[in-house]
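> Need a 3D model of the following:
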Amino acid sequence: MSCGEKKLIAFSMLLAISEYRPGPFRVLDEVAAPLEQSNIGRVANAVCQSAAGAQPILVTFSKRAIEHS
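Predicted coordinates for the structure are as follows:
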């Protein structure tokens, strides 16, 4: 698997765990770094959709992820 695929799998597992045991904050550091431009939008959508009961904190240098948030 590529680095981006591994990152997407790890990200989906973190979202699943945080849905099971929610906390007040979700800190994600450089989630979009190894991803292609098409996947950055998907990750940003997933963060926004999963933020129903928590405040997401996304640390990134990706311009597209910043614009989406």
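> now the strands: where do they sit in this protein?
25-29, 55-59 (DSSP state E).
> Same list, the ones you listed, but as TSV with mean pLDDT please.
Formatted as TSV, the strands of the chain follow (pLDDT from 0 to 100):
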stretch	mean pLDDT
strand 25-29	75
strand 55-59	77
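> need the ones you listed in JSON lines with mean neighbour count, can you?
All C-beta atoms are positioned from the backbone trio N, CA, C, and that covers glycine. Below are those laid out as JSON lines (neighbours: other C-beta atoms under 10 Å):
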{"stretch": "strand 25-29", "mean neighbour count": "13"}
{"stretch": "strand 55-59", "mean neighbour count": "14"}
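> quick one: which of the ones you listed is nearest residue 65?
Shortest distance between residue 65 and the strands of the chain, using C-beta to C-beta, is found for strand 55-59: 6.5 Å.
> Output the strands of the chain in JSON lines; the columns should cover distance to residue 36.
Converted to JSON lines, those look like this (distance: least, C-beta to C-beta, whole Å):
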{"stretch": "strand 25-29", "distance to residue 36": "18"}
{"stretch": "strand 55-59", "distance to residue 36": "18"}
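> Residue 11: which of these is closest?
Using C-beta to C-beta, these put strand 25-29 closest to residue 11, at 7.8 Å.
> Scan the chain for its longest helix.
helix 3-20 (DSSP state H).
> centre of the chain versus that one, how much separation?
Its chain's C-alpha centre and that of helix 3-20 lie 8 Å apart, by C-alpha atoms, centre = their mean, to the nearest Å.
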